[in-house]
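**Q** next come a sequence and a model predicted from it.
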Amino acid sequence: MKDIKHYINGHYVGSASGKLFDNVNPANGKVISKVHEAGREEVDAAVQAAKAALRGPWGKMTLEQRTAILHKVADGINARFDEFLEAECLDTGKPKSLASHIDIPRGAANFKVFADMIKNVPTESFEMPTPDGTGALNYAVRRPKGVVGVISPWNLPLLLMTWKVGPALACGNTVVVKPSEETPTTTALLGEVMKDAGVPDGVYNVVHGFGGDSAGAYLTEHPLVDGFTFTGETGTGEVIMKAAAKGIRDISLELGGKNAGLVFADCDMDKAIEGTMRSAFANCGQVCLGTERVYVERSIFDEFVGRLKEAAEGLKIGPPDDAEANMGPLVSLKHREKVLSYYQKAVDDGATVVTGGGVPDMPAELAGGAWVQPTIWTGLADDSAVVTDEIFGPCCHIRPFDTEEEAIQLANSLPYGLASAIWSENITRAHRVAGQIEAGIIWVNSWFLRDLRTPFGGSKQSGIGREGGVHSLEFYTEMKNICIKL
Ligand code: NAD
């Protein structure tokens, strides 16, 4: 069985402690590989390498040279597409049909998009008068932030990690990445691609391990890291924010959500069902932007619930290689315990279980996997934990509403503010409602339609800052104003 090592200063290295942990295939519960767990020593080596690389060839490259290398990184991922696909699907259990058109191609695209974007961003300049009449000229330049700590989750491992590493490197930074302990393989594999593409040693570093008392905490405590970009749970974001406060380091936080879908009677029902199906069940419900609360105008409530139930019962659950399957397992048995605890809580709180609510029957060779049924509830009170907590599983609660004001109030009733989907063919209403929803990302008559140039991030407890397009520059660069007296 292969072991997965850290990638530090251009080389794969094991942990001095010899500590290894299991990487488990969630489709069958079998161990795929052993992963080295970084101690303070390896994290320090990675950060020191990243710091030194800022002063090496990377820091001296022209923008053209740097961005040409990032194009080669994207080409390198695409050249090894099948290897990345296999690794991502083994780690996550997700269907290959999904990962082959989202995770891997978008993982590669993140390098090209940000390399091209950075070449086309103008800077600002202000002329000013001076008392002696000669005037002065201000202009701003952008410089890399330095060493960026990248801490990423398991739901879209390559995609969400490169979403940060792409712009970080395009802006001239160096990175130390701590991928999720659940899904370390593609982040590790990317080291080989970086090397082949000509990324200098020390620019891209990877340390494996857990969060608290492990690689994640050691990274956030390291004083030479200049800023942290994190995607994960809101509670973890709070811990990272505290660690970053020491030394006044910058943070970009993409956190959890409990997103609302608002379905108005004037919607196109086919579109609303298709979009809500994807937003509740894609990636086995493990998408931060997913819809776990669906509010439906009362006059179409019964029809909507009936049609969503029928569609959910049509989902085909299966392992990554099953070409017919459109739903895989959850990421781990531990996560399944959490999701199933909410399935039980829904029953305890008096929900009507419209469909699902348990574990599906799977063939013997898959019985050890983290499988759950797609689940729909109605009838829960607004303050049930099932309706207020992020479950991160293939489930949603559907509740009727009577007025537009009530729908908006319900959507805004939680401390999260990540995303929302509005389903209405009345474009005036859609604009009006979109303007009042407290969330960073609103879709009208669609879901997960992503243009990588747009601002991406959450409001309220769903995050701090925006990444995407030029907005990524705000975090990955320091702006410096130069004032010249003429
Ligand atoms: P998580 O917070 O448990 O872990 C994320 C990463 O943080 C992992 O690499 C983990 O090892 C690390 N970590 C945990 N504790 C740490 C600590 N004390 N110090 C440093 N690092 C630590 O999240 P998860 O379960 O991997 O991912 C699911 C969560 O991510 C959900 O809440 C989901 O909504 C959120 N998410 C948000 C977005 C977004 O863009 N807003 C995107 C995807 C996922």
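**A** Okay, I see it.

**Q** can you give me the offset of stretch 31-50 from its chain's centre?
**A** Its chain's C-alpha centre and that of stretch 31-50 lie 22 Å apart, by CA atoms, centre = their mean, to the nearest Å.

**Q** straight-line length of that stretch, end to end?
**A** 32 Å (CA to CA, to the nearest Å).

**Q** mind giving me the domain ranges of this structure?
**A** Following the TED database, one finds the domains of the chain at 2-256+462-485, 259-444.

**Q** quick one: closest of these to the ligand.
**A** Nearest to the ligand among these is domain 2-256+462-485 (2.1 Å), distances taken as CB to the nearest ligand atom. From N, CA and C alone the C-beta is placed, and that goes for glycine too.

**Q** what residues are up against the residue nearest to the spatial centre of the chain?
**A** What sits nearest the mean C-alpha location of the chain, by CA atoms, centre = their mean, is Leu160, with 4.4 Å. Neighbouring residues of Leu160 by CB atoms under 8 Å, 6 or more residues apart in numbering: Ser152, Pro153, Thr231, Glu254.

**Q** could you dump those residues to JSON lines with secondary structure?
**A** Formatted as JSON lines, the contacts of Leu160 follow (DSSP: H, G, I helix; E, B strand; the rest coil):
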{"residue": "Ser152", "secondary structure": "coil"}
{"residue": "Pro153", "secondary structure": "coil"}
{"residue": "Thr231", "secondary structure": "strand"}
{"residue": "Glu254", "secondary structure": "strand"}
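
**Q** Ser341 - that's part of a strand, no?
**A** No: per three-state DSSP, Ser341 lies outside any strand segment and is helix.

**Q** tell me which parts of this structure are close to the ligand?
**A** 151-155, 160, 178, 180-181, 210-212, 216-217, 220, 231-233, 236, 239-240, 254-257, 288, 390, 392, 418, 458, 462-463 (CB under 6 Å from any ligand atom).

**Q** just the buried ones out of those residues, please.
**A** With burial judged by 16 or more other CB atoms under 10 Å, the buried subset of the residues of the chain next to the ligand is 151-155, 160, 178, 180-181, 210-211, 216-217, 220, 231-233, 236, 239-240, 254-257, 288, 390, 392, 418, 458, 462-463.

**Q** which of the residues you listed fall in helices?
**A** Assigned to helices by DSSP state H, the following of those qualify: Leu160, Gly216, Ala217, Thr220, Thr236, Val239, Ile240.

**Q** and Trp443, how many neighbours?
**A** 22 (other CB atoms under 10 Å).

**Q** show me the contacts for it.
**A** Neighbours of Trp443 in contact, by CB under 8 Å, 6+ apart: Gly275, Ala419, Ser420, Ala421, Ile422, Leu449.

**Q** ok, now with 6 Å
**A** Ala421 (CB atoms under 6 Å, 6 or more residues apart in numbering).

**Q** backbone dihedrals for it, please?
**A** phi -110, psi 140 (degrees, to the nearest 10).

**Q** helices of the stretch 101-250 of the chain, start to end?
**A** Ranges of helices within the stretch 101-250 of the chain are 103-118, 157-170, 185-197, 215-221, 234-245, based on DSSP state H, counting those that start in this stretch.

**Q** what's the most buried one of the ones you listed?
**A** helix 157-170 (a mean of 28; mean count of other CB atoms under 10 Å).

**Q** sorry, back to before: pLDDT and distance to Lys30 added to the ones in helices among the buried ones among the residues of the chain next to the ligand, as a markdown table?
**A** What follows is those, written out as a markdown table (pLDDT from 0 to 100; distance: CB to CB, whole Å):
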| residue | pLDDT | distance to Lys30 |
| --- | --- | --- |
| Leu160 | 98 | 25 |
| Gly216 | 98 | 26 |
| Ala217 | 98 | 29 |
| Thr220 | 98 | 32 |
| Thr236 | 98 | 28 |
| Val239 | 98 | 32 |
| Ile240 | 98 | 32 |
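
**Q** list just the nearest of those to Pro329.
**A** Lowest distance from Pro329 to those (CB to CB) belongs to Leu160, with 19.2 Å.

**Q** any idea how far the residue sitting furthest away from the middle of the chain is from Gly306?
**A** In the chain, the greatest distance from the average C-alpha position (CA atoms, centre = their mean) is reached by Asp132, at 53.7 Å. Separation of Asp132 from Gly306 (CB to CB, to the nearest Å): 78 Å.

**Q** run a quick neighbour tally on Glu313.
**A** Quick note: Glu313 (other CB under 10 Å) scores 13 neighbours.

**Q** now it: closest residue in space that isn't a chain neighbour?
**A** Leaving aside its sequence neighbours, Glu313 sits nearest to Thr355 (CB to CB, 6 or more residues apart in numbering; 5.6 Å).

**Q** wait, that neighbour touches Thr378, no?
**A** No: look at Thr355 against Thr378 with CB atoms under 6 Å: they stay out of range, at 10.6 Å.

**Q** ok, now which ones touch Thr378?
**A** Contacts of Thr378 (CB under 6 Å, 6+ apart): Thr352, Val354, Ile398.

**Q** the strands in the stretch 51-200 of the chain, which residues?
**A** Using DSSP state E, counting those that start in this stretch, the strands found in the stretch 51-200 of the chain span residues 125-128, 136-144, 147-151, 174-178.

**Q** quick check: phi and psi at Val35.
**A** According to degrees, to the nearest 10, Val35 has phi -120, psi 130.

**Q** do you know how far it is from Pro184?
**A** Distance of Val35 to Pro184, computed by CB to CB: 5 Å.

**Q** element containing Gly357, please.
**A** Counting by DSSP states H and E, no helix or strand carries Gly357.

**Q** what number of residues are in the vicinity of it?
**A** By other CB under 10 Å, 19 other residues sit near Gly357.

**Q** now do the one 3 residues further on
**A** With neighbours defined by other CB under 10 Å, the count for Pro360 comes to 14.

**Q** check what pLDDT it gets.
**A** Note on Pro360: pLDDT of 98.

**Q** name the element Glu310 belongs to?
**A** With DSSP H and E as criterion, Glu310 is part of helix 301-313.

**Q** who's in contact with that helix?
**A** Helix 301-313 has contacts (CB under 6 Å, 6+ apart) with Ile273, Met277, Val296, Val354, Thr355, Pro374, Ile376, Ile398, Pro400.

**Q** now do stretch 424-432
**A** Contact partners of stretch 424-432, identified using CB under 6 Å, 6+ apart, comprise Phe264, Asp266, Cys267, Asp268, Ile422, Val444.

**Q** mind putting the residues you listed in JSON lines, distance to Ala197 and secondary structure included?
**A** Listed next are these as JSON lines, based on distance: CB to CB, whole Å; DSSP: H, G, I helix; E, B strand; the rest coil:
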{"residue": "Phe264", "distance to Ala197": "48", "secondary structure": "coil"}
{"residue": "Asp266", "distance to Ala197": "51", "secondary structure": "coil"}
{"residue": "Cys267", "distance to Ala197": "46", "secondary structure": "coil"}
{"residue": "Asp268", "distance to Ala197": "45", "secondary structure": "coil"}
{"residue": "Ile422", "distance to Ala197": "42", "secondary structure": "strand"}
{"residue": "Val444", "distance to Ala197": "39", "secondary structure": "strand"}
